[in-house]
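>>> Build me a structure from this.
(chains A and B)
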Amino acid sequence: MRDVAVVSFAQSATRRDQTRNEVEILMPVLREAMAPTGLTTHDMGFTCSGSSDYLAGQAFAFVSALDAVGPWPPIQESHVEMDGAWALYEAWVRLQHGDIDTALVYAFGKSSPGDVGRVLALQLDPYVVGPLWPDAVSIAALQARAFLEAGHDEKDLARVVARSRRNAAGNPHAQLSGEVDEATLLDEPLYADPLRMHDCPPISDGAAVVVLAAGDRARELCERPAWIRGIDHRIDVQALGSRDLATSASTKLAGQKAGVGRVDLAEIHAPFSHQELIVAEALGLNESTTSINPSGGALASNPVMVAGLVRIGEAARRLSAGEGERAVAHATSGPALQQNLVCVLEAS
Amino acid sequence: MAGNLAAVLGTGQTKHVAKREDVSIAGLVREAADRALEDAGLTYADIDAVVIGKAPDMFEGVMMPELYLAEALGAIGKPLIRVHTAGSVGGSTAIVATHLVQAGVHERVLTVAFEKQSESNAMWALSIKIPFSQPLVAGAGGYFAPIIRGYIRKADAPLDTGFQVVLKDRLNALKNPYAHLHQPDISMEQIVSSPLLWDPIRYAETCPSSDGAAAMVIGSEQAADASSRPVAWIHGTAVRSEPTMGAGRDRVNPHAGRDCAKAVYAAAGITDPFREIDCAEIYVPFSWFEPMWLENLGFAEEGTGWKLVQDGVTALDGDLPINMSGGVLSSNPIGASGMLRFLEVANQVRGTAGEHQVDGARKALGHAYGGGSQFFAMWVVGKDKP
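Predicted coordinates:
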């Protein structure tokens, strides 16, 4: 495989943004990501984006964003109706052909205008599950119950939340941060048994942009590129009764294919606290040797369709800044960790 | 396009109809996928990854339906990618699958595209009014009619050109058992007297709303060489996008379409498309888009595409048969319509197109477009290994 690296990354602050639309959130982030490369979007060999029409409440929501990116003269471009992490995967595949050396990847999403928990219920089997409208938090709670019954303790969930908030204090893009005491967290009332409000992600609007480059082009564009050493994604059956919700077979398989091994830091896309523990176990991560979610992760800010790409960007950014030499980033999609992508990055 | 060789190993599609009430969405896609695998002489166990495409999720009312469809498509434990590039999506989806093979990531990829329009209402799904955004005005016809009027004026085209295209495509559809519209009594009189919907588009000149799915198995050179079935070698692929709005855009003869055609011909080593391409399936949702795309694709000089139609050049027995299957004018499961164009030309060069086979077809073009004539996806397939 051809060596491809993340050479630049930018993200918006994540919050409920009542004054800007998706394009207005994306554009400054795009400029910020392009700036250190000295390139413009017209220099990019390929462009790929990730977003969801259902979040925007509009067919072809990605078209107005592309208009703003300015595909003129015409460009080579594609779009996935998936988290931006999968757009990055498609761009990585495209760079393997060898005829182009750079790719632009972006993702955007606004969860705040609608009821995102109910919107996500539209991902379920439309005949036998969707009509019951199980919202995203209720499904996560079912999974958390299965996880606890498999021999885990709710103190573990509180520990994940406290660490996320603590780490997010150093992340200017995060929405929820600060010192919280684990015992205090456990005193909070239940929100969707066994989850408490803090076990669930905030409602976030946001955008993220990654610039990829291959081989020597990456070294020209970035002093310390974060090379993609392995990338793979797998999907599990959707039906909640047909899989073990306490584990993640697709994450485990994707991790094996990507070759996770020993990593200095891990950015895990876990919108709910118990999901971080499930993914960490599937990837064979050990918190004593690996810094987990140094950004605070999706519990600190969760722009839907963007948060997976942010994990890759955060891991790459930290490696490029010298915070480690090898990292793993994870992205998820679908109810209860149905689909998972694992990306292993290295910088030296 | 650099990269490894790739070929179409098998194809499958459903009978396209207005309402498939006998199957779920999963049942519909499974039917096409089963047929593609059977045609390729393979099973789901032989497939490394699945790439699925469809037009906006609001057309069925299911958000990211690939998550629910993963099991029906045999994708459990495998990579699954969902593509959405507006109306060009069926073509783009096949190209993403091809890229995975050309990049050397996979040996055999199943690619599927579908639309089950009867689950919802596409026209109104396209007409949601978003504050501060340009409305599409009652579906695609409202958007494209002024562009067609622009073409007629610029090319000084005879007004019956659109009628000729429909008559040809609906007669071709009678030879395609999977086509949605089978109208054995179709006549020029019937077309001309059909109601005017969006001037100059008459009802008979519009595509139907269909439930349907298309599937292909794309394989590596090694997989193709090992196949006992006829294969279609992929000689070139190309995609191009341009903005919906912007000064300088020519909506009649879009820049992105011309660039995309040039790129796909260059990839396939084609210098004179009219002579070297034996037949083509192009995305014609409204009759007038046939002469317009003939020009955009370089088959005719600007302003002369209508002459090829009038002279019968694009008929099944003409010099450059276009839309042998009956085209989008005879079947339009939107998300699958682009893939059907790609699939039909693959069958032509494999010699498996059946009654609408063009004798001796060795090289053929598949074309899809979407959005406001701004997204293009194309491939050239051939009987011979490139």
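>>> When you work out contacts or count neighbours from here on, use the C-alpha atoms and nothing else.
Will do.
>>> What's the per-residue pLDDT of residue A:330 here?
Note on residue A:330: pLDDT of 98.
>>> I'd guess it is in a strand, am I close?
Yes - counting by DSSP: H, G, I helix; E, B strand; the rest coil, residue A:330 is located in a strand.
>>> nearest residue to the spatially most central residue of chain B other than its sequence neighbours?
By Cα atoms, centre = their mean, chain B has its centre lying nearest to residue B:338, at 2.4 Å. Leaving aside its sequence neighbours, residue B:338 sits nearest to residue B:90 (Cα to Cα, 6 or more residues apart in numbering or on different chains; 4.1 Å).
>>> Give the bridge partners for the residue of the stretch 201-348 of chain A found nearest chain B, please.
Going by Cα to the nearest Cα, chain B is nearest to residue A:234 of the stretch 201-348 of chain A, at 4.5 Å. Assessed by DSSP bridges, residue A:234 has beta-bridge partners residue A:340.
>>> Report how many residues lie close to it.
When neighbours are counted by other Cα atoms under 10 Å in any protein chain shown, residue A:234 registers 26.
>>> I'd like to know which elements the helix or strand harbouring the residue nearest to the centre of chain B is packed against.
Per DSSP states H and E, residue B:338 falls inside helix B:334-350. The helices and strands touching helix B:334-350, judged by 3 or more Cα pairs under 8 Å, 6 or more residues apart in numbering or on different chains; DSSP states H and E, are strand B:6-13, helix B:89-102, strand B:108-116, strand B:211-220, strand B:232-241, strand B:279-281, strand B:363-370, strand B:375-382.
>>> if I look at the residue of chain A positioned farthest from its centre, how far off is chain B?
Residue farthest from the centre of chain A, counting by Cα atoms, centre = their mean, is residue A:73 at 31.1 Å. Applying Cα to the nearest Cα, to the nearest Å, the value for residue A:73 to chain B is 7 Å.
>>> Residue B:199: how many residues sit nearby?
When neighbours are counted by other Cα under 10 Å, residue B:199 registers 12.
>>> Now do the contacts for it.
Counting by Cα atoms under 8 Å, 6 or more residues apart in numbering or on different chains, residue B:199 touches B:145, B:149.
>>> switch the cut-off to 10 Å
Residue B:199 sits next to B:141, B:142, B:145, B:146, B:148, B:149 when contact means Cα atoms under 10 Å, 6 or more residues apart in numbering or on different chains.
>>> now, which of those residues lie within helices?
For those, the ones inside helices are B:141, B:142, B:145, B:146, B:148, B:149, with DSSP state H as the criterion.
>>> and which of those is nearest to residue B:298?
Minimum distance to residue B:298 across the ones in helices among the contacts of residue B:199 is 18.4 Å, recorded for residue B:148 (Cα to Cα).
>>> What residues does the closest residue to the closest one other than its chain neighbours make contact with?
Spatial nearest neighbour of residue B:148, chain neighbours left out: residue B:288 (6.5 Å); criterion: Cα to Cα, 6+ apart. Counting by Cα under 10 Å, 6+ apart, residue B:288 makes contact with B:144-145, B:147-149, B:151-152, B:159-166, B:200-201, B:205-206, B:305-306.
>>> List the ones among those residues that fall in helices.
B:144-145, B:147-149, B:151-152, B:161-166, B:305-306.
>>> I figured residue B:156 hits residue B:304, correct?
Yes - counting by Cα atoms under 10 Å, residue B:156 does reach residue B:304; the two are 9.1 Å apart.
>>> Please say which of these two ends up with more neighbours.
Neighbour tally, residue B:156 and residue B:304, criterion other Cα under 10 Å: the higher count belongs to residue B:304, 17 against 12.
>>> interface residues of the stretch 101-250 of chain A facing chain B?
The stretch 101-250 of chain A has residues A:119-127, A:130, A:232-239, A:249-250 near chain B, with proximity defined as Cα under 10 Å from any Cα of the partner chain.
>>> Separate out the buried members of those residues.
Neighbour counting by 16 or more other Cα atoms under 10 Å in any protein chain shown classes A:119-126, A:130, A:232-239, A:249-250 among these as buried.
>>> Just the residues you listed: which are in strands?
Within these, residues falling in strands by DSSP state E are A:232, A:233, A:234, A:235.
>>> what residues are up against residue B:348?
Counting by Cα under 10 Å, 6+ apart, residue B:348 touches B:232, B:278-281, B:324, B:354, B:356-364, B:381-383.
>>> measure stretch B:188-206 end to end?
15 Å (Cα to Cα, to the nearest Å).
>>> list the buried ones in it?
B:191, B:192, B:200, B:201, B:202, B:203, B:204, B:205, B:206.
>>> which among those residues gets closest to residue A:329?
residue B:206 (47.7 Å).
>>> how many other residues sit next to residue 313?
I went with chain A, as the question did not name one. Residues near residue A:313, counting by other Cα under 10 Å: 26.
>>> wrong one, chain B
Neighbourhood size, residue B:313 [other Cα under 10 Å]: 15.
>>> quick revisit: just put the ones in strands among the buried ones among the residues of the stretch 101-250 of chain A next to chain B in CSV and tack on pLDDT.
Listed next are those as CSV, based on pLDDT from 0 to 100:
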residue, pLDDT
A:232, 98
A:233, 98
A:234, 98
A:235, 98
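>>> quick check, residue B:293 in a helix?
Yes - using three-state DSSP, the secondary structure at residue B:293 is a helix.
>>> anything in the helix or strand of chain B with the lowest mean pLDDT sitting right up against chain A?
Lowest mean confidence among the helices and strands of chain B (mean pLDDT, DSSP states H and E): helix B:122-125, at a mean of 76. Yes - residues of helix B:122-125 contacting chain A under Cα under 10 Å from any Cα: B:122, B:125.
>>> elements contacting that helix?
Counting contacts by 3 or more Cα pairs under 10 Å, 6 or more residues apart in numbering or on different chains; DSSP states H and E, helix B:122-125 packs against helix B:139-155.
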